[in-house]
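Participant: just a sequence and a predicted model for now, questions to come.
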Amino acid sequence: MRTIILSKTDSVAEAFDLPRGVTSIVGGGGKTTLMLRLAEELGESGARVIVTTTTHIFPPEGILTFSGASKSEIEAALAARHIVCLGVPAEQGKLSMPETTFAEMEELADYVLVEADGAKHLPLKAPAPHEPVIPPETKMVLAVAGMDGAGKTIEETAFRPGLYAALLESDEAHRITPADIARVLTHNGGQRKGVSGRMRYAVLLNKADDEQSKGAAIETAMQMDPARVDRVVIGSLGGAEERGITFS
């Protein structure tokens with residue numbers, strides 16, 4: 001297992017050694033930010049990138065979004081813009097899983113980035129029985145955890161706190177330690193849920209933006225079973241506005 005501490009100028013795609021094809025993103029603490037950061041980096045390199053979901057996401061600002069488009073329309077847009085978003089309009093202005101199959105997306109794009117889990121913007125989560133929704137075509141699963149959850153109670157910082165507490169054999173008043181975060185990230189009922197043997201599995205410990213949280217992230221990485229994690233990337237991914245990113 002490799003552990004990489006990310007600087008603000010490092011390539012996230014390179015840090016994860018992102019494979020071509022479908023990558024599914026699960027967990028909490030910055031999945032959408034990670035997906036868009038990867039799309040930006042890959043698109044700037046000239047790769048064709050589709051961002052999409054198997055759950056619900058808001059349409060990304062500045063990225064052309066298609067619903068029910070033909071393969072030729074998507075292909076033309078990728079040739080011109082490098083990055084497109086696919087999804088079907090859902091409640092509250094969000095997008096749900098597109099009609100285009102993941103096999104078709106793999107034919108159209110070099111990289112397909114899928115938000116495959118929801119966490120209501122909380123740093124940590126435990127999956128419900130119907131979660132996550134990882135397409136079988138997935139080559140890599142990226143699990144995200146926000147280090148701002150360390151030291152807080154399960155009740156205040158985890159999505160589905162009862163399930164998170166059950167994974168730790170604890171209660172919702174328990175204060176979360178780095179070892180707890182590592183346990184859920186490597187648990188078959190936690191963020192490794194739905195990860196098949198042929199999929200690579202890696203972790204982003206996000207929001208490690210000061211010495212205390214960075215230290216907690218390093219301790220979390222040290223607590224992980226290296227046989228169950230390909231690599232751990234430690235960093236703090238700000239929003240697109242913070243980095244001055246624009247999509248064309």
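Facilitator: Sure, I can see it.
Participant: tally of neighbours for E211?
Facilitator: A total of 8 residues lie near E211 under the criterion other C-beta atoms under 10 Å. From N, CA and C alone the C-beta is placed, and that goes for glycine too.
Participant: quick one: the helices in the protein?
Facilitator: Assigned by DSSP state H, the helices in the chain fall at 12-16, 31-44, 71-81, 102-108, 154-157, 161-167, 178-186, 211-222, 240-243.
Participant: for M147, find the nearest of the ones you listed.
Facilitator: M147 lies closest, by C-beta to C-beta, to one member of the helices of the chain: helix 211-222, at 4.4 Å.
Participant: for the closest one, what is the distance to the chain centroid?
Facilitator: Centroid separation for helix 211-222 versus its chain: 19 Å, with C-alpha atoms, centre = their mean, to the nearest Å.
Participant: and if you look at stretch 182-189?
Facilitator: 15 Å.
Participant: which other residues reach that stretch?
Facilitator: For stretch 182-189, contacts defined as C-beta atoms under 8 Å, 6 or more residues apart in numbering pick out 27, 124, 126-127, 143, 145, 164, 167-168, 190-193, 203, 220-221, 223-225, 228-229.
Participant: buried residues in it?
Facilitator: Judged by neighbour count (16 or more other C-beta atoms under 10 Å), stretch 182-189 contains these buried residues: 182-187.
Participant: and which of the residues you listed is nearest A119?
Facilitator: V184 (12.2 Å).
Participant: which of the buried residues of stretch 182-189 lies closest to A116?
Facilitator: Closest to A116, out of all of the buried residues of stretch 182-189 and judged by C-beta to C-beta, is L185, at 15.3 Å.
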